[in-house]
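> Sharing a sequence plus its predicted fold:
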Amino acid sequence: MSTETQTETIDRGIVERLRASPFLSQLLSNRLAITGIVIIVGVILLAIYARITYDLSDLMATQFGTNPSEAAPSAAYPFGTDGQARDIFPRVMYGAWYAVLYGTVTVVASTFLGVSLGIVAAYYGDLTDNVIMRTMDVLLSFPSLLLALALVTIFPEELGLWRAVGALTLVYTPRFARVVRGAALKVLEDEYTDATKALGATDPRLLIRHVLPNCLAPITVQSTLNYGLAIIDIAALSFLGFGASPGEPTWGMMLSNGVEFGLFSGAWWWSFFPGLLLALTVLGFNLLGDGMRDALDPRMRETVD
């Protein structure tokens, strides 16, 4: 059999397995989930296009003498201009890059920390479990945004939006830890985990090779739902003046400037278009997360926040 034929056979096998997957068939039959996927793909493509096309320094600089100041939306300026004569359209598009970049880092970091702590707490139990989960309970006892505001002041201002990422990572970690601990406890009750350990498997091997793969369903759903939450919380922190530097084209900063300087003067477009893109992006992740939850296991409505 030639190499080309072997590759063809492997590709065909992968496609057939994907078609036979009950998860994918259930997910793709959910119109709301498909809508969420379309929105998310659109935002990601928009973010990549903006990052490649526009220069950040040009977007942050004032454009007096080049563009009219506070111009209403028109053919020349689809989203209008702000008080610094900056075209809002490319700034809103570049804001998608900020949302995707910092949202991804926040979710990945909090997922890693939460999953690690949750699995360790479930496996070792006793004192380890109590110390980890009581710490998580303390963090969960505070409102998310209030805790993030308190934590963001710990980091130096020079870090910019990375301060918000660090604070939100600590805020989201307990949610993953609690969900993963519950799922891991159920997996550890199965007899095959005892058999694997009896055969000489080390603790890391048992947790990574056998426990973690069986906890991926709630982890995936929680990550997707937290993605939208991370984007809106980063925008909220920027809106309140924590994170983004003045002039940075983040959705939260544009909303703040629009409310403070544009809304009361009748320049509604300053805040309308960044808010619209923010709402659509969060909606996309929420729709996909709900669809994935229903496709993986409808009973997870009771498990995942």
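Looks like it arrived, so ask away. Residues are numbered from 1 along each chain as shown.
> who touches residue 40 in this structure?
Remark: with contacts taken as Cβ atoms under 8 Å, 6 or more residues apart in numbering, residue 40 is in contact with 281, 284-285, 288. C-beta: built from backbone N, CA, C; applies to glycine.
> got it, and residue 267?
Taking Cβ under 8 Å, 6+ apart as the definition of contact, the neighbours of residue 267 are 70, 72, 80, 82-83, 258, 261.
> is it fair to say it lies in a strand?
No: when classified by DSSP: H, G, I helix; E, B strand; the rest coil, residue 267 is found to be coil rather than part of a strand.
> distance of it from residue 88?
Here residue 267 is placed at a distance of 10 Å from residue 88 (Cβ to Cβ, to the nearest Å).
> intersection of neighbour lists for the two?
Between them, residue 267 and residue 88 have 80, 82 as joint contacts when contacts are counted by Cβ under 8 Å, 6+ apart.
> quick one: average confidence on the helix or strand that contains residue 172?
With secondary structure defined by DSSP states H and E, residue 172 is part of helix 161-188. Here the mean pLDDT over helix 161-188 is 90, rounded to a whole number.
> how about residue 128, what does it touch?
In this structure, residue 128 makes contact with 120-121, judged by Cβ under 8 Å, 6+ apart.
> can you give me the offset of stretch 171-189 from its chain's centre?
Stretch 171-189 has its average C-alpha position 19 Å from the chain's average C-alpha position, going by Cα atoms, centre = their mean, to the nearest Å.
> Oops, could you answer that again for stretch 99-107 instead?
Taking Cα atoms, centre = their mean, one finds stretch 99-107 lying 5 Å from the centre of the chain it belongs to.
> Going forward, the N-terminal residue is numbered 809.
Sure thing, new numbering starts at 809, so read that last one as stretch 907-915.
> which of the contacts of residue 1075 lies closest to residue 987?
residue 1066 (36.3 Å; Cβ to Cβ).
> and the closest residue in space to that closest one that isn't next to it in sequence, how many neighbours does it have?
Leaving out its chain neighbours, the residue that sits closest to residue 1066 by Cβ to Cβ, 6 or more residues apart in numbering is residue 1079, at 2.7 Å. By other Cβ atoms under 10 Å, the residues close to residue 1079 number 22.
> Kindly indicate whether residue 1079 is helix, strand or coil.
Applying three-state DSSP to residue 1079 yields a three-state assignment of helix.
> Touching, it and residue 1071? I think so.
Yes: distance between residue 1079 and residue 1071: 5.9 Å, which falls inside the contact criterion (Cβ atoms under 8 Å).
> can you pick the most crowded of the contacts of residue 848?
Counting neighbours by other Cβ under 10 Å, the top entry in the contacts of residue 848 is residue 1089, with 28 neighbours.
> Wait, a helix at that one?
Yes: going by three-state DSSP, the assignment for residue 1089 places it inside a helix.
> Nice, that's everything, thank you.
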